[in-house]
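structure of the sequence below:
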Amino acid sequence: MTTLNINNQEHQLNADPSTPVLWALRDSLGLTGTKFGCGQALCGACTVHLNGQAIRSCVTPISAVTGQKITTIEAIGHDKIGKAVQAAWVKHDVAQCGYCQSGQIMSASALLKSNKKPSDADIDAAMAGNICRCGTYVRIRAAIHDAASMLA
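From the prediction side, this is the model:
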């Protein structure tokens, strides 16, 4: 039995310790906001926070996160940074197909937790591992700048 702290709630899972966090979230807990994209930590669709830092849940085993705090897209709006990022996403009409957006929002929120006024280069570096097949990168950058302004 493995205990995981997800969105400030303790969850008991009877799963193999090598099970990726992504599948524990989606299959065991029904938290389907975190998406499967590539399974190799290359696209960012599976991004969640581990103790406030963006990680790729598709390659992170549950054994590596026991006793730590995981935050998913379902709870990111519960803090002021996540709420500001989500509001900026809506304001700038970032999402097209939307598939990558939970990962994008999670990466953007982690960036703004550590850098209150990121430059374009900072944004590009932090978001480089998140792929958007619809190409909304210009709107993503604008939304991150807007969220930073809202939080200032």
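
I'd guessed L25 sits against K35; true?
No: if you go by Cβ atoms under 8 Å, L25 and K35 don't touch, sitting 10.2 Å apart. Heads up, the C-betas are built off the backbone N, CA and C, glycines and all.

neighbour count winner among those two?
For L25 and K35, the more surrounded residue by other Cβ atoms under 10 Å is L25, and the numbers stand at 26 against 21.

what sits closest to that one if chain neighbours are left out?
Nearest residue to L25 in three dimensions, chain neighbours excluded: L31, at 4.4 Å (Cβ to Cβ, 6 or more residues apart in numbering).

which ones are touching that neighbour?
Taking Cβ atoms under 8 Å, 6 or more residues apart in numbering as the contact definition, L31 lies against I6, N7, L25, T72, E74.

can you tell me which of those residues has the most neighbours?
Result: L25 is most packed of the contacts of L31 (other Cβ under 10 Å), 26 neighbours.

now do the same for that one: helix, strand or coil?
Taking DSSP: H, G, I helix; E, B strand; the rest coil as the rule, one finds L25 in the helix state.

which strand or helix spans the residue most central in space within the chain?
Central residue of the chain (Cα atoms, centre = their mean): M106, 2.6 Å from the mean position. Secondary structure assigned from DSSP states H and E places M106 in helix 101-114.

thanks again, I'm all set now.
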